[in-house]
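*Asks:* Mind looking at a prediction? Sequence and model below.
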Amino acid sequence: MVEFYELLDDENIPYRCDVELDLIEEAPQEYRPSLLWLFVKADAVTESLESFTQDLIATLNTSLDAVFAGRVMKEGWAEFYFYAPQSKRFENISSDVMNRHGGFVYERGSSRDSKWEMYSDNLYPDAYGLLSIQNRHTIAALVEAGDDLNIPREVEHYLFFQTKSSMERAIAQLASHGFNVKEYVNDDESDYGYGVVLIKNEAITAEIVEETTTSLYESAMQEHGLYEGWSTVLG
């Protein structure tokens, strides 16, 4: 499944990364040690760029058994990354695809990356990126159902901890930020057997959700716990 999220560069300017999340389950693939990369001039994600992207992914997969790892939109370039058994014919095949779409200003190359470090270190999202993806999907589902995100309502958040004391410390810390306990959830079969449902009344615009979930994730991490997301009713 290809998902996208935003990162910040060294000057705190946001840029977009599209990544094939499912590859993490089998990365690295020993039989695909070659990293192929193609950079084309592109200022934004457009219909024509998406058409080129899909053609490039399909053609490289068919011709080279290459898998799409990700695409970074940064500083006027669309950076494409693939892993393949070998890099032979990559230049000719990628040129054919570009010509089918009118041609591009481009740079390209290949290197050995048997550990898939480009994918795991630069493309795959960290915990904050994964959280932003989850938040976007939840908000999109609510909007599709007709929700007015600006209406404050009770929002439930789910946190789990390894010990009762660590859970209680997190609850005390979050209480000062307006979170209240709705209920406790115990799971004797889990390493994180001490769970709590916290509630807070607030709107669920993207900005508010990002701030709230980031705070909860960091509070859980401070106590070596897990933040497992949120839910709410339609507003």
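*Replies:* Perfect, I can see it now.
*Asks:* what residue ranges in this protein score low on pLDDT?
*Replies:* Applying pLDDT under 70 to the chain flags no residue at all.
*Asks:* those helices in it, which residues are they?
*Replies:* In the chain, the helices defined using DSSP state H lie at 47-64, 90-100, 117, 127-144, 164-175, 206-222.
*Asks:* tell me what the first one is packed against?
*Replies:* Spelled out, that is helix 47-64. Judged by 3 or more CB pairs under 8 Å, 6 or more residues apart in numbering; DSSP states H and E, helix 47-64 is in contact with strand 34-41, strand 67-74, strand 77-84, helix 90-100. All C-beta spots, glycine's among them, are computed from the backbone N, C-alpha and C.
*Asks:* would a markdown table of the helices of the chain with mean neighbour count and distance to E79 be doable?
*Replies:* Below are those laid out as a markdown table (neighbours: other CB atoms under 10 Å; distance: least, CB to CB, whole Å):
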| stretch | mean neighbour count | distance to E79 |
| --- | --- | --- |
| helix 47-64 | 16 | 12 |
| helix 90-100 | 16 | 13 |
| helix 117 | 13 | 15 |
| helix 127-144 | 15 | 17 |
| helix 164-175 | 16 | 39 |
| helix 206-222 | 17 | 25 |
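*Asks:* okay if I get these as a markdown table plus distance to K41?
*Replies:* Shown next, in a markdown table, are the helices of the chain (distance: least, CB to CB, whole Å):
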| stretch | distance to K41 |
| --- | --- |
| helix 47-64 | 10 |
| helix 90-100 | 11 |
| helix 117 | 26 |
| helix 127-144 | 26 |
| helix 164-175 | 47 |
| helix 206-222 | 30 |
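*Asks:* so which of these comes closest to W77?
*Replies:* Shortest distance between W77 and the helices of the chain, using CB to CB, is found for helix 47-64: 11.3 Å.
*Asks:* follow-up on the earlier one: I13 is nearest to which of the helices and strands packed on helix 47-64?
*Replies:* Judging the helices and strands packed on helix 47-64 by CB to CB, what sits closest to I13 is strand 67-74, at 8.8 Å.
*Asks:* which parts of the closest one are buried?
*Replies:* V67, F68, A69, G70, R71, V72, M73, K74 (16 or more other CB atoms under 10 Å).
*Asks:* which residue packs closest to the second one, ignoring adjacent ones?
*Replies:* Leaving aside its sequence neighbours, F68 sits nearest to I57 (CB to CB, 6 or more residues apart in numbering; 4.6 Å).
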